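Participant: This is a predicted model, with the sequence first.
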Amino acid sequence: MSEQTSNQLSWPFREAERVAARLKEKGKTSALFETGYGPSGLPHIGTFGEVARTSWVRRAFTEMTGLPSRLLAFSDDMDALRKIPDNVPNKDMLKAFLGKPLTQVPDPFGTHDSFGAHNNARLRAFLDSFGFEYEFASSSDYYLSGKFDDALLHVLANHDQIIEIIRPTLGPERRATYSPILPIHPRTGIVMQVPIERADVATGSVIWVDPDSGTRFETAVTGGAAKLQWKADWAMRWYALDVDYEMSGKDLIDSVKLSSAIVRALGAEPPVCLTYELFLDENGQKISKSKGNGLSVEQWLTYAPPESLAQFMFHAPQRAKKLFFDVIPRAADDYINGVVGAREATDPHANPAWHIHGGNIPVDAGSPIGFTMLLNLASVINADSPEMLWGFIRAYLPNANAQTYPFLGQLIQYAIAYNRDFIAPNKIFRDATALERVGLQDLAARLAAGFADYPGETPAEQIQNMVYAVGKAHQFAPLKAWFDCLYQVLLGQMEGPRFGGFVALYGVERTISLIETALARETQAA
RNA sequence: GAGCCUGUAGCUCAGUGGUAGAGCAUUCGACUUUUAAUCGAAUGGCCGUGGGUUCGACCCCCACCGGGCUCACCA
């Protein structure tokens, strides 16, 4: 990487530089990237964004340093079940397990050993569906297997100091009871938020009193008998695993600061952290799983390929962006243009497509036709099958089909869906005038009777001539008014395709029913 | 109260120190037995305001104004 390009690095490379600097300072020769997952929910669009972005930094790090690295996807499945989620069955059953670690709660779906295991499986399936390279890690596994024991004892030794870091940030009630160590009740299995009477470094345990029974307990901090409160948990994990890089949303800025302070209290340096801006819905509100606003991954992937979602996530992570249906076509075209640009560029490292494809852009990536153009075309010809679009496209790309242009083939499917759900419903269909009704009825009748007698080399030309003849027969003046009628009454748009070609591709029978539908609609309205 | 983002063409937004950009919209033109996707061109900007740094600032620094979000219970 030359000096000249260093000031135009794309953000993953800038982040990778920071990671490389940290490793150099610490004398490390491999990097650990981490992404974390809260227990409350299923994978969502933010999950995709976080893993994709972290993967790009990791890829840039590899490109830049040649050093090995790992990406750990860490699930907080030891966290307590705090409330019953809305979107699960067997809610009554779950009530008895409130407050217990998720891996100790039965799976309400009945498909896995625990609710935690269920959520973990969903997360992994989600990540795998995009082909992310990562290692999965379960908090419960780490706690129970003793992998955190040394770090937990170190936390215990610094118990008072950690309390002093957190305490000023808490409200009065919580301030009185706060401890970073949450013992798990030996009888009920509930994660307890109780005052710690004494932190016994010698025995590696905490003394606490059950507020319900008044019973005093001594609980080891190791081996999964206790867990840590969230901010301390994050810090301990950074410390125990020596995490080098982790990103998080701006809603966690304060948590990052506090966790970093705790890590320093433990005598280590926090990882390189990146704060990204949140995703907003069309009203500028934070996208929230519980509110269900904004756009889901499934919805996005109904209307555009995964690469376009990656493109959206690539651009300016530190800038807030509205995440709604309107942004999809542009993201798709930005990606397509990026593929072209990356192929032409002498240094492709700044190009999103380079990152999206992990440095190796497939030969059949990209498309000779942009997504917006496909949407226009789909709208104009009212396309509801891929073959209709291919038919028009072949006028310009004679050999085009789903085999020769596989990515274009995908885009066509997406364009049809987008047109069906967002463009077609908003079309304005004008009512036919009395003269136009007669003309349309005549056209439907002639279509049904066949058009072999009309001049023309192809069916499309024959139909075109027939349509022309109908317009003349009913004395439309100017003749353009007849075609305006066809587009505005039948297709709901001001202008449209050459009608003969449209009918040939759309189908005679379906065109007839299109006419019948239009005429029936007016009868109903009247 | 603390923090983050943001202000650039009519709209949505790119643009990290060297002559202000794209898409859409608008207008005109080309192509087509009438009509479309398309193609070509034009129009359109005190880059929020005021200072500072610099040979040079949309860009860096400071202040102010406007728009918006997040956190202050849990994670």
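Facilitator: Received the coordinates, thanks.
Participant: rest of the way, CA atoms for contacts and neighbours
Facilitator: OK.
Participant: Could you list the domains of chain A?
Facilitator: Residue ranges for the domains of chain A, per automatic domain parsing: A:1-139, A:279-356, A:371-426, A:434-525.
Participant: Straight-line length of the second one, end to end?
Facilitator: Between the opening and closing residues of domain A:279-356 there is a gap of 20 Å (C-alpha to C-alpha, to the nearest Å).
Participant: mind checking how far it is from the chain centre?
Facilitator: Here domain A:279-356 is found 9 Å from its chain centre; the criterion is C-alpha atoms, centre = their mean, to the nearest Å.
Participant: Could I get the contacting residues of the residue nearest to A:Pro317 when sequence neighbours are not counted?
Facilitator: Nearest residue to A:Pro317, sequence neighbours excluded (C-alpha to C-alpha, 6 or more residues apart in numbering): A:Tyr276, at 5.3 Å. By C-alpha atoms under 8 Å, 6 or more residues apart in numbering, the contact list for A:Tyr276 reads A:247-250, A:317-319.
Participant: Over to A:His112?
Facilitator: Residues counted as contacts of A:His112 (C-alpha under 8 Å, 6+ apart) are A:His118.
Participant: For it, which three-state class applies?
Facilitator: Classification of A:His112 using DSSP: H, G, I helix; E, B strand; the rest coil returns coil.
Participant: re the thing from before, could you check the pLDDT of the residue nearest to A:Pro317?
Facilitator: At A:Tyr276, the predicted lDDT confidence score is 92.
Participant: Look up phi and psi at it.
Facilitator: phi -110, psi 160 (degrees, to the nearest 10).
Participant: Please determine how far it is located from RNA strand B.
Facilitator: To RNA strand B, A:Tyr276 is 7 Å away according to C-alpha to the nearest atom of the strand, to the nearest Å.
Participant: What residues are bridge-paired with that residue?
Facilitator: Taking DSSP bridges as the rule, A:Tyr276 bridges to A:Gly249.
Participant: now the end-to-end length of stretch A:232-252.
Facilitator: Terminal residues of stretch A:232-252 lie 14 Å apart, using C-alpha to C-alpha.
Participant: any residue of the longest helix along chain A up close to RNA strand B?
Facilitator: In terms of residue count, the longest helix belonging to chain A (DSSP state H) is helix A:45-65. No. Shown here: helix A:45-65 not in contact with RNA strand B (C-alpha under 7 Å from any atom of the strand), separated by at least 13.2 Å.
Participant: Burial check on A:Leu123, number of neighbours?
Facilitator: Neighbourhood size, A:Leu123 [other C-alpha atoms under 10 Å]: 21.
Participant: Please disregard the earlier target; I meant A:Asn90.
Facilitator: Neighbours of A:Asn90 (other C-alpha under 10 Å): 12.
Participant: Then the one 3 residues further on?
Facilitator: Counted with other C-alpha under 10 Å, the neighbours of A:Met93 add up to 14.
Participant: likewise A:Thr404?
Facilitator: Neighbour number of A:Thr404 under other C-alpha under 10 Å is 11.
Participant: That one looks like it's in a strand, true?
Facilitator: No. Applying three-state DSSP, one finds A:Thr404 to be coil, outside a strand.
Participant: May I see the domains of chain A organised as JSON lines, with mean pLDDT added?
Facilitator: Formatted as JSON lines, the domains of chain A follow (pLDDT from 0 to 100):
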{"stretch": "domain A:1-139", "mean pLDDT": "90"}
{"stretch": "domain A:279-356", "mean pLDDT": "84"}
{"stretch": "domain A:371-426", "mean pLDDT": "87"}
{"stretch": "domain A:434-525", "mean pLDDT": "83"}
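Participant: Roughly how far does the residue of the stretch 51-200 of chain A found nearest RNA strand B sit from A:Tyr178?
Facilitator: Nearest residue of the stretch 51-200 of chain A to RNA strand B, counting by C-alpha to the nearest atom of the strand: A:Gly171, 3.9 Å away. Counting by C-alpha to C-alpha, the separation of A:Gly171 from A:Tyr178 is 10 Å.
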